[in-house]
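A.B. asks: sharing a model prediction with you, sequence too.
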Amino acid sequence: MSRLLLIVKRAEPRKFTYLNYMYGSETVGVIVDRRVSQRRQHSEPTTTERRCANRRRRDVTEDLVNFGWALVRH
(Lines give C-alpha, C1' and ligand atoms only; values in the text may rest on other atoms or scores of the structure.)
Protein backbone atom coordinates (compact mmCIF):
# COMPACT_ATOMS: atom_id res chain seq x y z
CA MET A 1 0.00 0.00 0.00
CA SER A 2 1.39 3.37 -0.99
CA ARG A 3 1.33 6.04 1.71
CA LEU A 4 0.86 9.67 0.78
CA LEU A 5 2.39 12.59 2.62
CA LEU A 6 0.79 16.02 2.46
CA ILE A 7 3.38 18.66 3.38
CA VAL A 8 1.99 22.03 4.43
CA LYS A 9 3.84 25.34 4.35
CA ARG A 10 5.07 26.29 7.83
CA ALA A 11 3.51 29.77 7.63
CA GLU A 12 -0.01 28.35 7.13
CA PRO A 13 -1.10 26.64 10.38
CA ARG A 14 -4.82 27.01 9.58
CA LYS A 15 -4.31 25.21 6.27
CA PHE A 16 -2.49 22.42 8.13
CA THR A 17 -5.42 22.05 10.56
CA TYR A 18 -7.94 21.95 7.72
CA LEU A 19 -6.00 19.50 5.53
CA ASN A 20 -5.26 17.25 8.50
CA TYR A 21 -8.97 17.17 9.39
CA MET A 22 -10.08 16.52 5.80
CA TYR A 23 -7.40 14.11 4.56
CA GLY A 24 -5.39 12.82 7.53
CA SER A 25 -5.76 9.03 7.79
CA GLU A 26 -3.78 5.79 7.94
CA THR A 27 -2.81 6.21 4.30
CA VAL A 28 -2.39 10.01 4.21
CA GLY A 29 -0.07 11.75 6.64
CA VAL A 30 -0.24 15.53 7.00
CA ILE A 31 2.86 17.33 8.29
CA VAL A 32 4.28 20.85 8.45
CA ASP A 33 7.37 21.55 6.33
CA ARG A 34 10.32 21.28 8.74
CA ARG A 35 13.05 22.43 6.39
CA VAL A 36 14.91 25.53 7.55
CA SER A 37 17.92 25.74 5.23
CA GLN A 38 20.67 23.63 3.79
CA ARG A 39 22.64 21.96 6.56
CA ARG A 40 26.09 23.17 5.57
CA GLN A 41 26.53 26.79 6.53
CA HIS A 42 30.33 27.04 6.75
CA SER A 43 32.10 30.15 5.53
CA GLU A 44 34.82 28.02 3.96
CA PRO A 45 33.83 25.84 1.00
CA THR A 46 34.36 22.12 1.42
CA THR A 47 36.84 20.39 -0.83
CA THR A 48 34.71 17.34 -1.62
CA GLU A 49 31.09 16.38 -1.29
CA ARG A 50 30.87 13.60 1.29
CA ARG A 51 27.21 12.75 0.82
CA CYS A 52 26.36 10.24 -1.88
CA ALA A 53 23.43 12.18 -3.29
CA ASN A 54 20.53 14.40 -2.36
CA ARG A 55 18.03 12.11 -0.63
CA ARG A 56 15.01 14.19 -1.54
CA ARG A 57 13.08 12.46 -4.25
CA ARG A 58 11.24 15.51 -5.50
CA ASP A 59 11.74 19.18 -4.73
CA VAL A 60 8.46 20.41 -3.27
CA THR A 61 9.56 24.02 -2.77
CA GLU A 62 7.71 25.31 -5.83
CA ASP A 63 4.44 23.63 -4.79
CA LEU A 64 4.76 25.00 -1.25
CA VAL A 65 5.29 28.52 -2.57
CA ASN A 66 2.48 28.36 -5.14
CA PHE A 67 -0.17 26.35 -3.28
CA GLY A 68 0.89 26.27 0.37
CA TRP A 69 1.09 22.46 0.29
CA ALA A 70 2.66 19.59 -1.65
CA LEU A 71 1.74 15.93 -2.06
CA VAL A 72 4.38 13.19 -2.24
CA ARG A 73 4.49 9.39 -2.04
CA HIS A 74 6.20 8.19 1.07
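C.D. replies: Happy to help now that I have it.
A.B. asks: phi, psi of the residue nearest the centre of the chain?
C.D. replies: In the chain, the residue lying closest to the centroid (CA atoms, centre = their mean) is residue 33, at 4.7 Å. The phi/psi pair for residue 33 (degrees, to the nearest 10) reads phi -60, psi 120.
A.B. asks: quick one, what contacts it?
C.D. replies: Residue 33 makes contact with 7-10, 60, 64, according to CB atoms under 8 Å, 6 or more residues apart in numbering. For the C-beta atoms, the positions are set from N, CA and C on the backbone; glycine is no exception.
A.B. asks: likewise residue 20?
C.D. replies: Going by CB under 8 Å, 6+ apart, residue 20 touches residue 30.
A.B. asks: quick one on the thing from earlier: which of the contacts of residue 33 fall within strands?
C.D. replies: Secondary structure from DSSP state E places 7-8 of the contacts of residue 33 in strands.
A.B. asks: pLDDT score for the residue lying closest to residue 6 once chain neighbours are set aside?
C.D. replies: Distances taken as CB to CB, 6 or more residues apart in numbering place residue 30 nearest to residue 6, at 4.6 Å, with adjacent residues excluded. pLDDT, residue 30: 97.
A.B. asks: mind checking what secondary structure residue 72 has?
C.D. replies: strand (DSSP: H, G, I helix; E, B strand; the rest coil).
A.B. asks: touching, it and residue 3? I think so.
C.D. replies: No - using CB atoms under 8 Å, residue 72 makes no contact with residue 3, being 9.8 Å away.
A.B. asks: okay, buried residues for the strand or helix carrying residue 22 please.
C.D. replies: Under DSSP states H and E, the secondary-structure element containing residue 22 is helix 13-23. For helix 13-23, the neighbour count (16 or more other CB atoms under 10 Å) marks 15-16, 19-20 as buried.
A.B. asks: what's the closest of those residues to residue 48?
C.D. replies: Nearest to residue 48 among the buried residues of helix 13-23 is residue 16, at 38.8 Å by CB to CB.
A.B. asks: return the distance of the closest one relative to residue 69.
C.D. replies: According to CB to CB, to the nearest Å, residue 16 stands 8 Å off from residue 69.
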